[in-house]
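Student: next input, structure requested:
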Amino acid sequence: QVQLVESGGGLVQAGGSLRLSCAASGLTFSLYDMGWFRQAPWKEREFVAAITWSGGTTYSADSVKGRFTISRDNARNTGYLQMNSLKPEDTAVYYCALKPRGAIAAVRGYNYWGQGTQVTVSS
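Tutor: Presented below is the predicted three-dimensional model:
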């Protein structure tokens, strides 16, 4: 069955960095676009960043532009989210997700989801 496993979360001070990983199995990773989403306590899940199947196109939410970078390694069936200059408001559970590949790095339409990894940024 399809499985997405996030890792790399943790506790970090404001201004610090973390790199999240998303390991995919049970499908052909290169046939799917990938996205990262997050959900803070008492808030709705929100889009963070997306990347097309080839890695050729990316798109990020305004709140993380210039600080977060999405990437992928299709040979390793793994996606990444490099997070720099972290802020307390970045505290959330981060989820990776996959959707059938398309022409753009989309913010919706994802149908496979991981269980999430907690990121906590202290001030």
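
Student: against Trp113, how distant is the residue nearest to the spatial centre of the chain?
Tutor: By CA atoms, centre = their mean, the mean C-alpha position of the chain lies nearest to Trp36, the distance being 2.6 Å. To Trp113, Trp36 is 11 Å away according to CB to CB, to the nearest Å. For every residue, glycine as well, the C-beta is placed using N, CA and C.

Student: residues that sit against both of the two, list them.
Tutor: Listed as contacting both Trp36 and Trp113 by CB atoms under 8 Å, 6 or more residues apart in numbering are Tyr95, Cys96, Ala97.

Student: tell me the strands beside the host helix or strand of the first one, with direction?
Tutor: Taking DSSP states H and E as the definition, one finds Tyr95 inside strand 92-100. The sheet places strand 92-100 alongside strand 32-39 (antiparallel), strand 112-113 (antiparallel), strand 117-122 (antiparallel), with pairing taken from DSSP bridges.

Student: for it, buried residues please.
Tutor: For strand 92-100, the neighbour count (16 or more other CB atoms under 10 Å) marks Ala92, Val93, Tyr94, Tyr95, Cys96, Ala97, Leu98, Lys99 as buried.

Student: let me know the closest of those residues to Tyr80.
Tutor: Cys96 (9.3 Å; CB to CB).

Student: give the contact list for the nearest residue in space to that closest one that is not next to it in sequence.
Tutor: Spatial nearest neighbour of Cys96, chain neighbours left out: Cys22 (3.4 Å); criterion: CB to CB, 6 or more residues apart in numbering. When contacts are counted by CB under 8 Å, 6+ apart, Cys22 touches Leu4, Val5, Glu6, Met34, Trp36, Thr78, Gly79, Tyr80, Leu81, Cys96, Gly114.

Student: nearest spatial neighbour of Cys59, skipping sequence neighbours?
Tutor: Slight slip there: residue 59 is Tyr, not Cys. Ala105 (3.9 Å).

Student: look up how far Met34 lies from that neighbour.
Tutor: 9 Å.

Student: name the residues contacting each of those two.
Tutor: Shared contacts of Ala105 and Met34, defined by CB under 8 Å, 6+ apart, comprise Ala50, Ile51.

Student: between those two, which one's more packed in?
Tutor: Met34 (30 against 20; other CB atoms under 10 Å).
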